[in-house]
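Trainee: okay, here's the prediction I keep looking at, along with the sequence it came from:
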Amino acid sequence: MSNAQIPDKPALEGLEQKWDAAWSAAGTYLFDRDAAKAAGRAGVFSVDTPPPTASGSLHIGHVFSYTHTDVKTRFERMRGKTVFYPMGWDDNGLPTERRVQNFYGVRCDTSLPYQPDFTPPFRGDAKSLKPADQVPISRRNFIELCEELTLEDEKAFESVFRQLGLSVDWTQTYRTISDDTIRTSQLAFLRNLERGEAYQALAPTLWDIDFRSAIAQAELEDREQQASYHRLAFHKTDGSGDIHIETTRPELLAACVALVANPDDERYQPYFGKTVRTPIFGVEVPVLAHHLAQQDKGSGIAMVCTFGDVTDIVWWRELDLPNRTILGQDGRILAEAPEALTTDAAKAAYAEIAGLTVFSAKKKMVELLEASGELLEVSKPFNHPVKFYEKGDRALEIVSTRQWYLRNGARDEAFREKLLELGRGMDWHPDFMRVRYENWTNGLTGDWLISRQRFFGVPIPVWYPLDENGDRVEAGVIVPDLGQLPVDPTIDVPAGFDESQRGVPGGFEGEKDIFDTWATSSLTPQLAGGWQRDDELWNLVAPFDLRPQGQDIIRTWLFSTMVRSALEDDRAPWSDAAISGFIVDPDRKKMSKSKGNVVTPADILEQHGTDAVRYWAASSRLGADAAFDPQNPTQVKIGRRLAIKVLNAAKFVLSFPVPEGAEVTHALDASMLATLDQVVRDATAAFEAYDHARALEITEAFFWTFCDDYLELVKERAYNQTDVGQASAALALRLALSTLLRLLAPVLAFAAEEAWSWFEDGSVHTAGWPQPLGTGGDPAVLHAASAALIGIRRAKTEAKASQKTPVRRLVLRAPDATVAALTLAEGDLRAVGRIESLELLPGADALSVETVELAPQPETGA
C-alpha cells in the first residue's frame with residue numbers, strides 16, 4: 001500500500017515534471033535485457049521509432065503521431081512485454097544545412113582551409129541575408145556548426161517529448177551523424193556494393209540549384225507555376241515550309257535534339273523519319289514518333305531538349321538521342337556551346353545566353369526569336385504542375401551528373417515483386433495504407449539515387465585512383481577495409497597510399513559526396529537494434545514489431561527501409577506498420593511549415609496539460625486526419641475535463657475504507673464489476689487491433705457511467721459503516737478504480753500515475769494489464785439502475801426542483817426483466833433519490849416514470 005498523501009485539491013498542474021523525474025529515477029521505461037533474454041524474442045515488443053529531423057522545432061503533428069505510438073507501447077508493456085522503445089535524431093541532410101546557413105549566416109566553401117577558432121557572424125536569425133552576404137567557411141567548420149546546432153535542437157526536442165510523457169528508454173538513443181551510425185551506414189553500403197546492388201552511373205539528374213544537389217524521386221512534389229506557350233517555327237530541311245511547336249522552355253532551344261509526335265497523329269505521320277532545322281541555331285534534328293506525345297497538347301508535336309522535364313529523359317533514353325546539356329549545376333547556361341552548334345551565327349546567338357540564369361536566358365531567347373521572326377505567338381499565362389524538391393524554393397532543373405544508385409526494383413521485376421510480397425505479409429493499420437505502398441512500388445521509374453552533393457552527412461566510403469594525367473578512373477573504385485570504418489575519404493587515406501598522393505597523377509581522390517539522408521534513415525532498425533555491433537540485442541529486437549509513421553513518408557522512409565531489409569536480410573523489417581493521419585487546420589487544410597499554419601505544441605501542453613493533449617491525439621484513429629483549432633481546441637478541453645475527473649473520482653473512492661476480508665456481495669456492485677469486465681475485454685481487443693481510439697471510447701463511456709450513476713447510487717451505502725452492504729460497495733469501488741486507472745493509463749499517463757500512487761506501490765505503467773474479475777454479476781442491474789436514476793433526475797429537473805428534494809412517492813413502469821433488476825438495487829435507488837415510497841410495475845416495453853410526487857419545497861420568503 002502506498003504512503004503517498006492524497007492532496008486536498010487534486011490538480012493536473014506540475015504532474016509532468018513530477019512524474020518524468022520519478023520515472024527517470026526509477027528506470028521505469030528502461031529496456032530490461034535480462035528479462036528479454038529470459039522471455040526470448042516473443043516476449044519483446046520493439047518499436048522502430050521515427051527519428052524526427054533535428055532542425056528547427058517540433059509541431060503539433062509530432063505530438064499527434066508520437067502519442068499514437070506511445071499509447072500502444074504502454075499497453076504492450078502493461079501486458080507483460082519487455083519493451084524496446086528507442087529514440088533517434090535525424091540530424092543530417094539538406095534541412096539541417098539550410099538551418100545552419102540561416103542561423104549563423106554562413107555557407108560552405110570546400111576550397112577554404114579549416115579555422116580552429118572560427119566564430120560565426122550570427123547566432124540567431126540570419127535568414128534575411130542573401131547567399132552572397134553569407135560568410136564562406138571550410139567544410140569542417142561548417143560541419144562543426146551543424147553538430148552544434150543539432151545538439152541544441154535535440155535537447156529541446158527531448159524536453160518536449162518528456163513533457164508529452166513518451167515512455168521512451170532515453171538510454172537507447174542514436175544520431176544519424178554519429179560515428180556508430182556512419183559505420184553502420186557505410187558498412188551496409190559496402191555490402192550492397194559487393195553484391196552488385198549499388199552502382200555509379202552518368203545520367204540526367206533532377207537538381208536543386210539552391211542546395212546544389214541531386215534530388216531523388218521520393219523527395220519530389222508538384223507545385224503549380226505560371227507559364228506561357230511560345231509558338232516557334234522549325235524549318236523543314238527540304239524547304240517545303242515549317243513545323244510549329246509550342247514550348248514553355250524557349251531558353252532550352254540550343255539543347256533541342258528532336259521533335260516528337262504521337263504515332264497515331266495523322267498531321268505529323270508524313271514527317272516521321274525526316275528532319276527539321278531549329279530556329280536561331282539552325283541545328284538539324286529528327287522528327288520521331290513516341291506514344292507519350294499528346295495530340296491535344298499545344299500543337300501536338302513537342303520539342304525534346306536535354307533536359308526540360310522528366311518526359312524529355314524518357315524520350316532521350318528510349319529514342320537513343322544525343323545529350324546536348326546546356327544547363328550547369330549553378331542553374332546558369334554553360335559557357336561552352338554544344339558541338340552541334342557549328343555556324344558562326346549559332347555560336348554568336350549562344351554567346352548571348354551563356355552564363356545567364358534560366359529566367360534571364362528565357363527573356364533573351366524570346367528577344368532573339370522575335371527579331372528573327374521565328375516566334376509566332378505567346379499564349380496567355382496558365383498554371384501547370386512543376387517538379388520541386390519538397391524542401392526547396394525553386395523549380396528543379398535536370399543536369400547530367402555521375403551519381404550513386406541503389407537498386408530498388410524499378411528495373412528489376414523479380415525484386416519489385418519481392419518488395420510487394422513482403423508488404424503483403426505485414427499487418428497495416430489501417431489496411432488501406434498498404435495500397436499506397438504498392439502504388440509507389442509499382443510506379444517507380446528509376447533506381448534509388450543515394451548520393452548528394454552536400455556536406456553534413458554520412459560520407460560515401462570510396463576513393464578513386466587517378467591515371468597518369470590525374471583524371472579519375474571511375475571503374476576502379478577503392479573501398480576501405482571494414483575495420484577502418486567509419487571513414488571520411490576527404491580526410492582519410494586508402495590502404496596502399498599516403499596523403500602526399502592525394503589529388504596527384506597516379507595517386508588517388510576521395511569521394512566528396514555524402515549519402516542522401518534517407519539512405520541512412522532507411523537503416524533505423526539496424527541503427528537502434530545494434531546490427532553488426534551488438535548481435536545479442538539485434539536477435540532480441542529484430543525484426544521489429546512496429547514501424548509507426550506518417551502517411552506522407554510511406555514512399556520515402558517506409559519503402560526505403562523495406563528495400564534495405566529485403567536486400568540485406570530477405571525479410572520485412574517489421575511485422576506491423578501503424579500509419580497516422582495528417583493534422584489539418586479548421587479549414588481542413590494540412591498543416592505544414594510551407595503553408596505557415598503549423599502549431600507548435602509547447603503552449604498547448606502548458607495551457608491545457610499533457611493528458612488533455614494526449615487524449616485529443618488518442619481520440620483519432622490511425623490513418624484518419626484530425627482537425628486542430630488552437631483558438632478553440634474542443635477535444636483537448638474534453639480531455640482535460642476527463643483527467644481532472646479521474647483525480648477527483650479517485651480521491652472520492654479512496655475516502656471509503658475497505659474492511660479487512662471484504663467481499664462483493666451486493667447485486668449492484670457485482671453488476672458494475674461485470675459490466676466493467678466486458679469493458680476490459682472490449683478495450684483489450686481494440687488495443688490489440690491498434691484501435692486506440694475505440695479502446696479509449698469504450699473506457700471513457702463506462703468511466704462516466706461509473707462516476708455519474710454508480711458512484712451516486714452507492715455512496716450512501718459506502719459511507720454508512722453500519723450498513724451490511726458497506727464493505728461490498730467500498731471493495732467494488734476500489735476494484736473498479738484500480739481497473740479504470742490501468743485502462744486509462746496508456747492515454748492519461750500522468751493523471752493515472754498520480755491517482756495510482758495514492759493507494760498502490762510502484763508505477764501503474766508497469767502494473768499488469770487488467771483482467772476480467774469474473775464476479776458473476778448481472779450487467780442488467782447497473783443498466784436498469786442507471787436508467788431509473790436518469791428518469792428520476794429528469795423528473796426533478798422538469799419540476800424545477802433541486803436534485804436533493806425528497807420524493808414522497810415514485811412509480812416506475814418497466815419490462816419484467818428490468819423490474820427484477822431494479823428490485824436488486826432498490827435500496828441504493830431509494831437512498832440516492834431520497835424516495836419514501838417506490839413502486840415497480842412490470843409489463844411495459846421500456847422504463848418510464850409513471851408517477852412522481854415530490855415533498856413540498858420550502859418557500860423562499862420575502
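Mentor: Arrived safely, thanks for sending. Computed from a prediction, not measured in an experiment: that's the story for all the values here.

Trainee: lowest-pLDDT helix or strand in the chain?
Mentor: Using mean pLDDT, DSSP states H and E, strand 213-214 stands out as the lowest-scoring helix or strand of the chain, at a mean of 82.

Trainee: give the buried residues for the next helix or strand after it.
Mentor: Per DSSP states H and E, the first helix or strand lying C-terminal to strand 213-214 is strand 220-227. Buried positions in strand 220-227, judged by neighbour count with 16 or more other C-beta atoms under 10 Å: Leu220. The C-beta positions use only the backbone N, C-alpha and C, and glycine is treated the same way.

Trainee: can I get the CA coordinates of strand 220-227 in CSV?
Mentor: C-alpha atoms of strand 220-227 as CSV (Å, rounded to 0.1, in the frame of the first residue of the first chain):
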residue,chain,number,x,y,z
LEU,A,220,9.7,15.4,-55.3
GLU,A,221,6.5,17.3,-55.1
ASP,A,222,4.4,19.1,-57.8
ARG,A,223,3.6,22.8,-57.3
GLU,A,224,1.5,25.0,-59.6
GLN,A,225,3.6,27.5,-61.5
GLN,A,226,2.7,30.1,-64.1
ALA,A,227,3.9,29.6,-67.7
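
Trainee: now for the least confident helix or strand of the chain, which elements pack on it?
Mentor: strand 198-208, strand 451-452 (3 or more C-beta pairs under 8 Å, 6 or more residues apart in numbering; DSSP states H and E).

Trainee: for Asp265, find the nearest of these.
Mentor: strand 198-208 (26.0 Å; C-beta to C-beta).

Trainee: low-confidence stretches in the stretch 51-200 of the chain?
Mentor: 56 (pLDDT under 70).

Trainee: can you give me the helices for it?
Mentor: 60-78, 94-104, 139-163, 179-194 (DSSP state H, counting those that start in this stretch).

Trainee: identify each buried residue in the shortest one, please.
Mentor: Going back to what we said before, that points to helix 94-104. Buried-residue list, helix 94-104, by 16+ other C-beta under 10 Å: 94-104.

Trainee: leaving out sequence neighbours, find the closest residue to Pro505.
Mentor: The spatial neighbour of Pro505 that comes closest, neighbours along the chain excluded (C-beta to C-beta, 6 or more residues apart in numbering), is Gly470 at 4.2 Å.

Trainee: what about the one you found, neighbour count?
Mentor: Gly470 is flanked by 12 other residues according to other C-beta atoms under 10 Å.

Trainee: same check on the one 3 residues further on?
Mentor: Per other C-beta under 10 Å, the neighbour tally for Val473 reads 13.

Trainee: got it, and Lys800?
Mentor: Lys800 has 8 nearby residues by other C-beta under 10 Å.

Trainee: what does Asp629 give?
Mentor: Around Asp629 there are 14 residues (other C-beta under 10 Å).

Trainee: check contacts around it.
Mentor: Asp629 is in contact with 585-586, counting by C-beta atoms under 8 Å, 6 or more residues apart in numbering.

Trainee: and for stretch 674-694, what's in contact with it?
Mentor: 68, 71-72, 75, 429, 576, 578, 618-622, 695, 698-699, 702, 705-706, 736, 739-740, 743, 746-747, 769-779, 782-783.

Trainee: residues making contact with the least confident helix or strand of the chain?
Mentor: 94, 205-207, 401, 403, 449, 451-454.

Trainee: that older thread, of the contacts of stretch 674-694, grab the buried ones for PyMOL.
Mentor: In PyMOL, a selection of the buried entries from these looks like this (16+ other C-beta under 10 Å):
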select buried, resi 68+71+72+75+429+576+578+618+619+620+621+622+695+698+699+702+705+706+736+739+740+743+746+747+769+770+773+775+777+778+779+782+783
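
Trainee: pLDDT value on Met591, please?
Mentor: As predicted, Met591 sits at a pLDDT of 64.

Trainee: wait, I meant Thr860
Mentor: 55.

Trainee: can you get me a residue count around Arg33?
Mentor: Around Arg33 there are 15 residues (other C-beta under 10 Å).

Trainee: no no, Val819
Mentor: 18.

Trainee: where does it sit: helix, strand or coil?
Mentor: Using DSSP: H, G, I helix; E, B strand; the rest coil, the structure places Val819 in helix.

Trainee: from Asp669, how far off is it?
Mentor: 20 Å (C-beta to C-beta, to the nearest Å).

Trainee: and if you look at Ala371?
Mentor: The value you get for Ala371 to Asp669, if C-beta to C-beta is used, is 97 Å.

Trainee: of the two, which one has the most company?
Mentor: Taking neighbours as other C-beta under 10 Å, Ala371 and Asp669 compare with Asp669 leading, 32 against 10.

Trainee: picking up where we left off before, which of the contacts of strand 213-214 sits closest to Asp585?
Mentor: Leu94 (26.4 Å).

Trainee: how about the closest one: what's its closest non-neighbour residue?
Mentor: Phe211 (5.1 Å).

Trainee: which of the contacts of stretch 674-694 fall within helices?
Mentor: Those of those mapping onto helices are 68, 71-72, 75, 618, 695, 698-699, 702, 705, 736, 739-740, 743, 779, 782-783, per DSSP state H.

Trainee: circling back: okay, and the residue nearest to Leu94 sits in which element?
Mentor: Using DSSP H and E, no helix or strand contains Phe211.

Trainee: residue contacts, the residue lying closest to Gly328 once chain neighbours are set aside?
Mentor: With sequence-adjacent residues excluded and distances taken as C-beta to C-beta, 6+ apart, Gly328 is closest to Leu334, at 5.0 Å. Leu334 is in contact with 325-328, 354, counting by C-beta under 8 Å, 6+ apart.

Trainee: let me know the closest of those residues to Trp315.
Mentor: Closest to Trp315, out of all of the contacts of Leu334 and judged by C-beta to C-beta, is Thr325, at 14.7 Å.

Trainee: now the phi/psi pair for the residue most central in space within the chain, please.
Mentor: The centre of the chain sits closest to Gly550, judged by C-alpha atoms, centre = their mean, with a distance of 3.1 Å. The phi and psi values for Gly550, taken as degrees, to the nearest 10, are phi -90, psi 160.

Trainee: how about low-confidence regions in this structure?
Mentor: 1-3, 56, 218, 590-598, 858-862.

Trainee: rerun that using 50 as the cut-off
Mentor: 862 (pLDDT under 50).

Trainee: quick check: buried residues in stretch 322-332?
Mentor: Buried residues in stretch 322-332 (16+ other C-beta under 10 Å): 324-329, 331-332.

Trainee: hmm, I typed the wrong one, I wanted stretch 824-832.
Mentor: 824-832.

Trainee: ok, back up a step: what number of residues lie near the residue nearest to Leu94?
Mentor: With other C-beta under 10 Å as criterion, Phe211 counts 21.

Trainee: is it true that it touches Arg454?
Mentor: Yes: Phe211 is within contact range of Arg454, at 6.9 Å (criterion: C-beta atoms under 8 Å).

Trainee: common neighbours of the two, please.
Mentor: 94, 97.

Trainee: would CSV of the buried residues of helix 94-104 with distance to Val479 be doable?
Mentor: CSV is the format used below for these (distance: C-beta to C-beta, whole Å):
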residue, distance to Val479
Leu94, 26
Pro95, 30
Thr96, 27
Glu97, 27
Arg98, 31
Arg99, 33
Val100, 30
Gln101, 33
Asn102, 36
Phe103, 36
Tyr104, 35
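
Trainee: pick the one among these closest to Trp518.
Mentor: Leu94 (11.2 Å).

Trainee: just checking, the closest one touches Arg212?
Mentor: No: proximity of Leu94 to Arg212 does not meet the contact threshold set by C-beta under 8 Å, at 9.9 Å.
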